[in-house]
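Visitor: Sequence first, predicted coordinates after that:
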Amino acid sequence: MIRNPVSTNELSREKTISIALLLLLVSIAALPPLNPRSQLLGLVVVFLYLTYSWLVRAKARLILDVVYHDLCLAILAVMGYTEFRSFDVECLLFVSIVFLLSSIARARSMF
């Protein structure tokens, strides 16, 4: 089983926060070339990931954990789709399938 390097003291809390801040800056720096809708959705994903571990701690609540992961994946799918086409019924169907398949995969891995 793979263990969390922070909980096993292989990685200090300070170093973990530094890595997280670096990844946050890289994520935000990658947004400007995208269209405005994708930029907004990118900020939503960043916010969800921040609240996943630190503010809401969704990872500690089973239902929120699944919803956060699947929602973030679905939002990333919308971002990719809308970079090349407008948001339409096909996009909604595509994102629904991504969300549903991701939920099923996570549920199967949990039980």
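Guide: In hand now; what should we look at? Residues are numbered from 1 along each chain as shown.
Visitor: in the helix or strand harbouring Val44, what's buried?
Guide: Using DSSP states H and E, the element containing Val44 is helix 36-50. Counting neighbours by 16 or more other C-beta atoms under 10 Å, one finds that the buried residues in helix 36-50 are Ser38, Gln39, Leu41, Gly42, Val45, Val46, Leu48, Tyr49. No exception for glycine: its C-beta is placed from N, CA and C like everyone else's.
Visitor: which parts of stretch 50-69 are buried?
Guide: Those would be Tyr52, Ala58, Leu64, Asp65, Val66, Val67, Tyr68, His69, for stretch 50-69 by 16+ other C-beta under 10 Å.
Visitor: could I get it in PDB with only the CA atoms?
Guide: Listed next in PDB are the C-alpha coordinates belonging to stretch 50-69 (Å, rounded to 0.1, in the frame of the first residue of the first chain):
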ATOM      1  CA  LEU A  50      -7.700  24.000  -2.200                       C
ATOM      2  CA  THR A  51     -10.900  23.300  -0.300                       C
ATOM      3  CA  TYR A  52     -10.500  19.600  -0.900                       C
ATOM      4  CA  SER A  53      -7.500  19.300   1.500                       C
ATOM      5  CA  TRP A  54      -7.400  22.500   3.600                       C
ATOM      6  CA  LEU A  55     -10.600  24.400   4.100                       C
ATOM      7  CA  VAL A  56     -13.600  22.100   3.700                       C
ATOM      8  CA  ARG A  57     -11.400  19.000   4.000                       C
ATOM      9  CA  ALA A  58     -13.600  17.100   1.500                       C
ATOM     10  CA  LYS A  59     -11.200  14.200   1.500                       C
ATOM     11  CA  ALA A  60     -12.300  13.300   5.000                       C
ATOM     12  CA  ARG A  61     -16.000  13.000   3.900                       C
ATOM     13  CA  LEU A  62     -16.800  10.100   1.600                       C
ATOM     14  CA  ILE A  63     -19.500  11.700  -0.500                       C
ATOM     15  CA  LEU A  64     -17.700  15.000  -0.900                       C
ATOM     16  CA  ASP A  65     -14.500  13.200  -1.800                       C
ATOM     17  CA  VAL A  66     -16.200  11.500  -4.700                       C
ATOM     18  CA  VAL A  67     -18.100  14.600  -5.800                       C
ATOM     19  CA  TYR A  68     -14.900  16.800  -5.700                       C
ATOM     20  CA  HIS A  69     -12.800  14.400  -7.700                       C
END
